[in-house]
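*Asks:* Give me a 3D structure for the following:
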Amino acid sequence: MHDFDPAPAPRYASRITAEALSRYLPGDCIALPPLPGITEVTVQLFSHRSITEPVLVPAVAETLLVMVLAGSARVEERVAGGEWQPAEVQAGDFFLTSTTQPYEMRWQTRGGDTFDVMHLYLSPALIERVAGELLGKQAVMPRFVDVSGGRDGRVRTLLEELRQELAERREPSALFVHGLAQALAVHLVRSYRDERTAGRRSNALQAYKLHRVIELMNRQLADDFCLAALAEAAQLSEYHFSRLFKRATGLTPSHYFIRLRMARARQLLLETDLSVIAIGLEVGYSSASHFSQIFRREVGVTPSAYRNLQ
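*Replies:* Below is the predicted model:
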């Protein structure tokens, strides 16, 4: 835990990462240590005292959920030059924002010196992946409606489960945290998506070109990845192909190619008696150790352990 020191103030930025926000907020902050393998969730715990002078809060790149853990307060927010919007909040209430603009806040605690909150940030990659699964691969990156002092039993339950797992468990489970974060992202996309962003991506790779490229990838799993050949198949420059492919799938062409390799490797591990070395060769890895390293990174276990799970 650290005490906020207003001097020297951090250099102001209009848009920052989740980890940097604590530098802009007064109060005591506990930044929970990240878990290996978890890059899509960041959690911070704050204990706030009353703030009468407005605090200018930069927008964060991630979707931000704030839940009141203890105490109550009157919280006021406004965009620069706008009218103050008040909300009376207590334990269990939450705020949701995915704004791209900085805003001002101030708050007055009720019935005590402090109120405690949890900040939880969900990465754009997670939100985009969930939106693709729920709305289709061509869906635009969703924006959420702003919520101030909302009450939602499912949001409260999932946030509390995440808090307990990350803050109270001696050895938190990355798998459990990932599952909770995904469930929360699904609920947000279903319930709090701003319908004004519900259109389709106009800048994604056309479906017939995407199908042609993926077929080519599957035929060449044993070969080295070749961006130029894929871009040629899509009749685009490498730069434009890479950009449109990622907009269509959520992954870079090279990462998607690795995912296809791993899918084929999992199939061979379960359905054949080929050795791990032979399977690695079939999906393009001449080094058994390199194949095992990539497989474990993408799947979570080694090839041998994956086969033995069945």
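*Asks:* For this structure, give me the ranges with low pLDDT.
*Replies:* Residue ranges of the chain with pLDDT under 70: 1-15, 34, 80-81, 137-140, 196-204, 310.
*Asks:* tell me the domain ranges of it?
*Replies:* 15-197, 207-309 (automatic domain parsing).
*Asks:* Please enumerate the strands of this structure.
*Replies:* Along the chain, counting by DSSP state E, strands occupy 15-16, 28-31, 41-49, 51-57, 59-60, 63-70, 72-79, 85-90, 94-97, 103-110, 114-122, 147-150.
*Asks:* Near the closest residue to residue 29 other than its chain neighbours, how many other residues are there?
*Replies:* Of all residues not flanking residue 29 in the chain, residue 22 sits nearest, at 4.2 Å (CB to CB, 6 or more residues apart in numbering). The way it works is simple: take the backbone N, C-alpha and C, and place the C-beta from them, glycine included. The number of residues packed near residue 22 is 19, by other CB atoms under 10 Å.
*Asks:* before we move on, what about residue 193?
*Replies:* Residue 193 has 20 nearby residues by other CB under 10 Å.
*Asks:* In contact with the residue nearest the centre of the chain, which residues?
*Replies:* Centroid-nearest residue in the chain, with CA atoms, centre = their mean: residue 123, separated by 2.2 Å. By CB atoms under 8 Å, 6 or more residues apart in numbering, the residues touching residue 123 are 39, 40, 41, 62.
*Asks:* just checking, residue 241 touches residue 229?
*Replies:* No - when contacts are counted by CB atoms under 8 Å, residue 241 is not listed as touching residue 229 (10.5 Å).
*Asks:* neighbour-wise, which of these two wins?
*Replies:* The neighbour count for residue 241 versus residue 229, taken as other CB under 10 Å, is higher for residue 241 (22 against 14).
*Asks:* Identify the spatial nearest neighbour of the more buried one, chain neighbours not counted.
*Replies:* residue 231 (3.9 Å).
*Asks:* distance of that neighbour from residue 247?
*Replies:* 15 Å (CB to CB, to the nearest Å).
*Asks:* Which residues are in contact with residue 241?
*Replies:* By CB under 8 Å, 6+ apart, the neighbours of residue 241 are 205, 227, 230, 231, 234, 253.
*Asks:* Surely the last one and residue 240 touch.
*Replies:* In this case it means residue 253. No - here residue 253 lies out of contact with residue 240, judged by CB under 8 Å, at a distance of 11.9 Å.
*Asks:* So which bits of stretch 117-124 are buried?
*Replies:* 117, 118, 119, 120, 121, 122, 123 (16 or more other CB atoms under 10 Å).
*Asks:* And stretch 285-305, end to end?
*Replies:* 18 Å (CA to CA, to the nearest Å).
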